[in-house]
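Trainee: compute the structure for the input listed below.
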Amino acid sequence: MPIDKAMNVLIVDDYKTMLRIIRNLLKQIDFNNVEEAADGTEALQKLRAGNFGLVISDWNMAPMTGLQLLQEVRADNRLKAMPFIMITAESKTENVIAAKAAGVSNYIVKPFNAETLKEKIEKVLAHV
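Mentor: Numbering: from 1, shown residues only. Just a heads-up that it's a prediction; the model follows:
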């Protein structure tokens, strides 16, 4: 089934440069409906108010981490099936296990390129 590249994608990172990089990578693979949130709290508000098909979130943020955001999304009946990709600079096994236990759809370790992002998105959206 072809992937709907017109879907709304929410990218979450407290680092503006990273938001810009992810947005540019998404644009390279033809995802143009991208919204940004600077932290988990803002992301949750946008997710509850909007209509998103995918969340791509950084792990390390304050005051709400990417893992806490994921847990909130999974606990919300309306959002719990949302495809959720976590981005992190650390590939610690315990982080991967914690994210999987919380219901993450997939995981990307920095640095990454448009091809990696595309592969992960395709994998995640194939299961929707």
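
Trainee: residues in contact with residue 85?
Mentor: 54, 55, 56, 57, 104, 105, 106, 107, 108, 120, 121, 124 (CB atoms under 8 Å, 6 or more residues apart in numbering). Every C-beta, even on glycine, is put in place using the N, C-alpha and C of the backbone.

Trainee: over to residue 27?
Mentor: Neighbouring residues of residue 27 by CB under 8 Å, 6+ apart: residue 34.

Trainee: which element is it on?
Mentor: helix 16-28 (DSSP states H and E).

Trainee: only alpha carbons, please: show that helix as CSV.
Mentor: Taking C-alpha atoms only, helix 16-28 is exported to CSV below (Å, rounded to 0.1, in the frame of the first residue of the first chain):
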residue,chain,number,x,y,z
LYS,A,16,15.7,24.2,16.9
THR,A,17,18.6,23.1,14.6
MET,A,18,17.5,19.4,14.9
LEU,A,19,13.9,20.4,14.1
ARG,A,20,15.2,22.1,10.9
ILE,A,21,17.3,19.1,10.0
ILE,A,22,14.4,16.7,10.4
ARG,A,23,12.1,19.0,8.5
ASN,A,24,14.6,19.2,5.6
LEU,A,25,15.0,15.4,5.6
LEU,A,26,11.3,14.9,5.5
LYS,A,27,11.0,17.4,2.6
GLN,A,28,13.7,15.4,0.7
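
Trainee: buried residues, whichever helix or strand comes after that helix. List them.
Mentor: Later in the chain than helix 16-28, the nearest helix or strand by DSSP H and E is strand 34-37. Residues of strand 34-37 classed as buried under the neighbour-count rule (16 or more other CB atoms under 10 Å) are 34, 36, 37.

Trainee: any chance of those residues in a markdown table, plus pLDDT and distance to residue 128?
Mentor: Shown next, in a markdown table, are the buried residues of strand 34-37 (pLDDT from 0 to 100; distance: CB to CB, whole Å):
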| residue | pLDDT | distance to residue 128 |
| --- | --- | --- |
| 34 | 98 | 18 |
| 36 | 98 | 22 |
| 37 | 97 | 21 |
